[in-house]
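Undergrad: Take a look and give me a structure for this.
(chains A and B)
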Amino acid sequence: MNTTSQEIDQKQAVTALRRKDLLGIAELSAQEIELVLDTAEAMKEVGTRPIKKVPALRGKTVINLFYEPSTRTRTSFEIAEKRLSADTLNIAIGTSSVVKGETLADTALNLEAMSPDMIVLRHASSGACHFLSRVCRSAIINAGDGMHEHPTQALLDAFTIRERKKRLAGLKIAIIGDLLHSRVLRSNIHLLTKLGANVWVCGPPTLIPTDIRRFGVTPTSVVDDAVRDADVIMLLRIQLERMEGAYFPSLREYFRVFGMTESRMLLARPDVMIMHPGPMNRGVEIASEVADGPYSVILDQVANGVAVRMAVLYLLAGGAEHEEAA
Amino acid sequence: MPVVMDADRIGRTLTRIAHEIVERNKGTDDLALVGVRTRGVPIARRIARTLREITGHEVPTGSLDITLYRDDLMRHAVGPQPLVRRTDIQFSIDDRKILLVDDVLYTGRTTRAALDALIDYGRPKAIQLIVLVDRGHRELPIKADYVGKNLPTAPEESVQVRLIEIDGEDEVVLETGGGA
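TA: Numbering: from 1, shown residues only, chains lettered A, B, ... in the order given. Take a look at the predicted model:
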């Protein structure tokens, strides 16, 4: 910047993500979360331009390392990286040396030998990103680790809510579904409670973690209680692939008791938002009329995902050891 | 901390620049103002207001955030990223003459970034540069078309533009040593 007055102005305005990695929402302060959301607003505008590209991350290399299937998150990260002019490459595990038995650490260290700047990791094991962050010099961004956290999903959910409701504090947010296996839930609980929302969580008793109250949320198995006067209803996917036991009798029964239908939705506030992180099981956690209805912001969530991930990539690209006024 | 421009002087200078714009462009047809954030934006709005008073025509006005185009973005391995703000240009810049507005012209690097950013929005017929203060010390071959005040400075000095919309008062101050 060539004007010193602007330079000073920016120094006062900056708060930074004072970290090398984005591993979870648990570690972030409310101010850091707000910084990501504010930055995402500017990033969203980039997506509306005729030329949807800015040179901010020119010359940076980002590796998308996905050990689990993903359409939305991987595509979203890749578009975000490309819009910031980073060089990106995707490693799909089916075609990599992992099938020959290479460990996560070895794969990561070999990738690091080629000097990437950031690694976006999705892995089926909780804590895989924390592990990599200790092994790697590159910035690690958690794109979902096991049943632990999915921070960029929670950030894009918060961004979508804030965009409509202009605030998060004081809103009643009902999160309904598989509470036990959901990393989206864990990240969202951390984020929404930090920003002052009133969070209700609802699911079959077998799918409610026993110590969930400790996170400052209200658990219930009575879906009407959760939905009543809610500003936001967030449905979580019934994760058939993570169900090793019989948590409830049948998918049909789940839909009858917990599924979000139009009649059930009437209990919520008239301007309720219906959210789902995807992929949806239509007719299990959500009725098609609701998913495709006027209150659904499910596709807005996907659109906002790109802006939020651009913000995270940009803020982390500044490097580690951030200080207030460098 | 000498005040080099007071509120009256800033007001008269912007009025003079508005007249120069009308004279040089023979009216305000096809013109649009784009202020560079932060302080270029209120200056652009004030010029738009004066242009309306002079000609009776509304000149579309937008704001440009150049953070993502800075050439020093990744130069500092240690240090927070500058805050990104929204660019807001609600009109097509294609085939218009764009009046780019900034508060201080110094090295020319902000202007270089602004030109790159602007061109990502389309193909303007021409871009003209308006600055309230030109303090010299260019590092790039960039020149302003309309200058409020040429202010010879030493590199260690710093020029502070304060505007009512942001800072609660109108003045330009030359600070010696230290500063930024």
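Undergrad: can you give me the strands in chain A?
TA: Secondary structure of chain A (DSSP state E): strands at A:61-66, A:87-92, A:118-123, A:139-145, A:172-176, A:198-202, A:218-220, A:232-235, A:273-275.
Undergrad: other SSEs contacting the last one?
TA: It stands for strand A:273-275. Contacts defined by 3 or more C-beta pairs under 8 Å, 6 or more residues apart in numbering or on different chains; DSSP states H and E place strand A:273-275 against helix A:151-165, strand A:232-235, helix A:298-317. C-betas here are computed from N, CA, C, even on glycine.
Undergrad: And the third one, by the same measure?
TA: Where contact means 3+ C-beta pairs under 8 Å, 6+ apart, strand A:118-123 is packed against strand A:61-66, helix A:72-83, helix A:104-112, helix A:128-135, strand A:139-145, helix A:298-317.
Undergrad: Mind listing residues that contact the fifth one?
TA: I take that to be strand A:139-145. Identification of contacts with strand A:139-145 by C-beta atoms under 8 Å, 6 or more residues apart in numbering or on different chains yields A:20-24, A:64, A:66, A:68, A:70, A:73-74, A:77, A:117-123, A:125-130, A:132-133, A:149-153, A:183, A:312-313, A:316-317, A:320.
Undergrad: So which of the helices and strands packed on strand A:273-275 is the most surrounded?
TA: Mean neighbours per residue, mean count of other C-beta atoms under 10 Å in any protein chain shown, is largest over the helices and strands packed on strand A:273-275 for strand A:232-235, with a mean of 26.
Undergrad: on that earlier part again, mind putting the strands of chain A in TSV, distance to A:I286 included?
TA: Putting these into TSV (distance: least, C-beta to C-beta, whole Å) gives the following:
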stretch	distance to A:I286
strand A:61-66	25
strand A:87-92	29
strand A:118-123	24
strand A:139-145	20
strand A:172-176	9
strand A:198-202	14
strand A:218-220	19
strand A:232-235	5
strand A:273-275	8
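Undergrad: and those, which one is worst for confidence?
TA: Note on the strands of chain A: lowest mean pLDDT is at strand A:87-92, with a mean of 91.
Undergrad: List the buried residues of that strand.
TA: Applying a neighbour-count criterion of 16 or more other C-beta atoms under 10 Å in any protein chain shown, one finds A:88, A:91 buried in strand A:87-92.
Undergrad: Kindly calculate the angle that that strand makes with helix A:104-112.
TA: For strand A:87-92 against helix A:104-112, the angle by axes from the mean of the first three to the mean of the last three C-alpha atoms, to 10 degrees is 150 degrees.
Undergrad: which secondary structure elements does strand A:87-92 contact?
TA: When contacts are defined as 3+ C-beta pairs under 8 Å, 6+ apart, strand A:87-92 sits against strand A:61-66, helix A:72-83.
Undergrad: which one of the helices and strands packed on strand A:273-275 lies closest to chain B?
TA: helix A:298-317 (5.6 Å; C-beta to the nearest C-beta).
Undergrad: what separates the closest one from the chain centre, distance-wise?
TA: 9 Å (C-alpha atoms, centre = their mean, to the nearest Å).
Undergrad: Which strands and helices lie in contact with it?
TA: Right, helix A:298-317 is packed against helix A:30-46, helix A:72-83, strand A:118-123, strand A:139-145, helix A:151-165, strand A:273-275 by 3+ C-beta pairs under 8 Å, 6+ apart.
Undergrad: Tell me which of these sits nearest to A:A291.
TA: Among the helices and strands packed on helix A:298-317, strand A:273-275 comes nearest to A:A291, with 7.4 Å by C-beta to C-beta.
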